[in-house]
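Engineer: need coordinates for the below:
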Amino acid sequence: MRGIGEIPKSGWALNDNYRFFDAEERFGVAHVTAEESTECISGQILLGIKKPAQCPAFGTRCNPNTPRRAMVSTEGACSAYYRYRRAETVLQPKLYYLPPNANSISLTNEVDREG
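Structural biologist: Alright, predicted model coming up:
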């Protein structure tokens, strides 16, 4: 179930009056299971434990053109991270060097340590 496993005593079932519309009954697929990917961490992403950029397949083997699991949904976390490039490095603040005798802060990437 989307990488988080089965949740005991959860979900809905149709009552006997609507059994004809129950796909598991009608097509005999109740026994069908899907094997969990050892590479995809979509379960941990859906639970908020990890971010999409921490997945080893993210952006390479798993992308909107070749989705593995959670990338399939266009509004999901993996797709949003892929589309808007919200990798962990983008969210980190930049640190700037301020010499002890400085009167102002220069927000450049260059560091002049000679003062």
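Engineer: strands of the protein, residue ranges please.
Structural biologist: With strands called from DSSP state E, the chain shows none.
Engineer: so where's the longest helix in it?
Structural biologist: Longest helix in the chain by number of residues (criterion: DSSP state H): helix 77-84.
Engineer: buried residues of that helix, list them for me.
Structural biologist: For helix 77-84, burial by neighbour count (16 or more other Cβ atoms under 10 Å) applies to 77, 78, 79, 81, 82. Where C-beta positions appear, they are placed from N, C-alpha and C, glycine not excepted.
Engineer: the first one and residue 8: what is the separation?
Structural biologist: Taking Cβ to Cβ, to the nearest Å as the measure, residue 77 falls 25 Å from residue 8.
Engineer: and the nearest residue to residue 79 once chain neighbours are set aside, how many residues sit next to it?
Structural biologist: Once flanking residues are discounted, residue 79 sits nearest to residue 71: 5.7 Å by Cβ to Cβ, 6 or more residues apart in numbering. By other Cβ atoms under 10 Å, 25 other residues sit near residue 71.
Engineer: so where's this protein shaky on pLDDT?
Structural biologist: Along the chain, the parts satisfying pLDDT under 70 run over 1-5, 36, 86-115.
Engineer: okay, helices next: where are they in it?
Structural biologist: Going by DSSP H, the chain shows helices at 23-27, 42-46, 77-84, 88-91.
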